[in-house]
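**Student:** What would the 3D arrangement of this be:
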Amino acid sequence: MDNVPDMYRRTAPADLAEASVSDGADSLDAFRHGQDTIRELVVAEVGDVTGRSVLHLRCRSGLDTLSWARRGARHVVGLDALEPAVEAARELAADLGLGPERAAFVRAGVYEAAEAAPDDAYDIVHTGAGTLSRLPDLQRWAETAASLVAPGGFLHLAEFHPLIDLFGDEVSARIVRDYLSQNTWAEESTELDAGFDDSAIHHPVGEVVTAVAAAGLRIDFLREHEVARFQRFGSLEPSSPEAGAAERGASESGASEPRSADSPESGVRRPWLPTQRRAAPLMYSLRATRDRR
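**Tutor:** All right, here's what the predicted structure looks like:
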């Protein structure tokens with residue numbers, strides 16, 4: 001697919017940088033030896049995928065998509081607009097002995113998913129954190145995702161909470177942006193997850209819920225969480241002592257990269273928590289079902 005829209009092309013450097021940070025040689029080696037990359041929050045809300053089909057919109061290098069296959073999914077499909085990411089995912093699937101009938105990867109933008117996906121519908125359609133900030137037309141995303149949900153299946157979204165975009169470098173009483181504005185803005189912090197674009201698109205939670213409901217799905221839940229995928233603010237701490245010790249070591253060695261609270265020993269990707277609880281939600285999640293006909 002050579003006609004990838006400009007909106008996807010402009011995020012390529014950020015996405016490739018994320019792949020180099022989170023899916024480097026050490027991470028890939030750990031994954032090949034059984035590390036599961038799906039976050040605890042997502043695992044708990046999606047539930048058992050045994051025997052089910054899963055479509056992952058914006059899969060990047062495919063680690064989460066392949067983790068669903070390891071968890072027993074009958075067929076997983078990862079979709080991403082970037083050819084290097086898709087090729088890396090295909091190579092990794094082949095290394096793991098998973099053919100296209102079990103794990104397929106497609107190069108396409110999220111808006112083109114209905115035409116590009118190999119199947120008409122899936123039991124689970126998942127959109128991960130950092131995706132919606134790259135999509136200016138939220139209704140089009142919701143309609144596309146909903147069209148791919150099989151009767152009795154559901155759409156699951158885990159996303160950075162837009163409330164944290166209002167603050168500067170810390171969650172505090174100082175609000176520096178307009179929550180209801182849908183304008184883009186440049187990220188100012190130098191300690192951002194590499195998956196953030198430098199001109200993120202802001203979507204309030206109400207807009208997301210309304211778009212999903214208007215697309216014909218029934219909202220099962222909307223939840224707000226005090227955990228984060230990475231150290232978005234300096235006041236966040238790892239959720240486990242083991243991860244905390246590892247991160248303190250990285251800090252003392254002068255590492256300046258965005259830090260992860262992952263625990264390689266346990267094979268679990270752990271969240272970050274605020275030192276002062278409930279200052280503001282850091283992530284939110286949503287599940288919406290297509291009723292059986």
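**Student:** Work out for me the element P84 sits within.
**Tutor:** For P84, the host element (DSSP states H and E) is helix 83-95.
**Student:** so for that helix, what's the average pLDDT?
**Tutor:** Taken as a whole, helix 83-95 has an average pLDDT of 95.
**Student:** got a list of contacts for whatever helix or strand comes next after it?
**Tutor:** On the C-terminal side of helix 83-95, the nearest following helix or strand under DSSP H and E is strand 103-107. For strand 103-107, the surrounding residues in contact (Cβ atoms under 8 Å, 6 or more residues apart in numbering) are 1, 59, 62, 65-66, 69, 75-83, 86, 89-90, 93, 96, 116-118. For the C-beta atoms, the positions are set from N, CA and C on the backbone; glycine is no exception.
**Student:** Could you pull up the mean pLDDT of the next helix or strand after strand 103-107?
**Tutor:** Counting by DSSP H and E, the next helix or strand C-terminal to strand 103-107 is helix 113-116. Mean pLDDT, computed over helix 113-116, is 98.
**Student:** And helix 113-116, what does it pack against?
**Tutor:** Contact analysis of helix 113-116 by 3 or more Cβ pairs under 8 Å, 6 or more residues apart in numbering; DSSP states H and E lists helix 138-147 as its packing neighbours.
**Student:** Give me the buried positions along the helix it packs on.
**Tutor:** In terms of neighbour count (16 or more other Cβ atoms under 10 Å), helix 138-147 has its buried residues at L138, W141, A142, E143, T144, A145, A146, S147.
**Student:** Render the CA-only coordinates of it in CSV, please.
**Tutor:** Listed in CSV are the C-alpha atoms of helix 138-147, where the atom choice follows Å, rounded to 0.1, in the frame of the first residue of the first chain:
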residue,chain,number,x,y,z
LEU,A,138,-12.8,10.0,15.7
GLN,A,139,-16.2,9.1,14.2
ARG,A,140,-14.5,7.5,11.3
TRP,A,141,-12.3,5.4,13.6
ALA,A,142,-15.3,4.3,15.6
GLU,A,143,-17.3,3.4,12.6
THR,A,144,-14.4,1.4,11.1
ALA,A,145,-13.7,-0.4,14.3
ALA,A,146,-17.4,-1.2,14.9
SER,A,147,-17.8,-2.6,11.4
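**Student:** Heading C-terminal from it, find the next helix or strand.
**Tutor:** Downstream of helix 138-147, the first helix or strand assigned by DSSP H and E is strand 149-160.
**Student:** can you list the residues that contact that following strand?
**Tutor:** 39, 41-42, 45-46, 53, 121-133, 145-146, 208, 212, 217, 220, 228-229, 232, 282-293.
**Student:** Direction included, what does that strand pair against?
**Tutor:** Partners of strand 149-160 in the sheet, by DSSP bridges, are strand 122-127 (parallel), strand 283-289 (antiparallel).
**Student:** rewinding a little: any chance of a PyMOL selection covering the buried ones in the contacts of strand 149-160?
**Tutor:** This is the PyMOL syntax for the buried subset of the contacts of strand 149-160, where burial follows 16+ other Cβ under 10 Å:
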select buried, resi 39+41+42+45+46+53+121+122+123+124+125+126+127+128+129+130+131+132+133+145+146+208+212+217+228+229+232+282+283+284+285+286+287+288+290
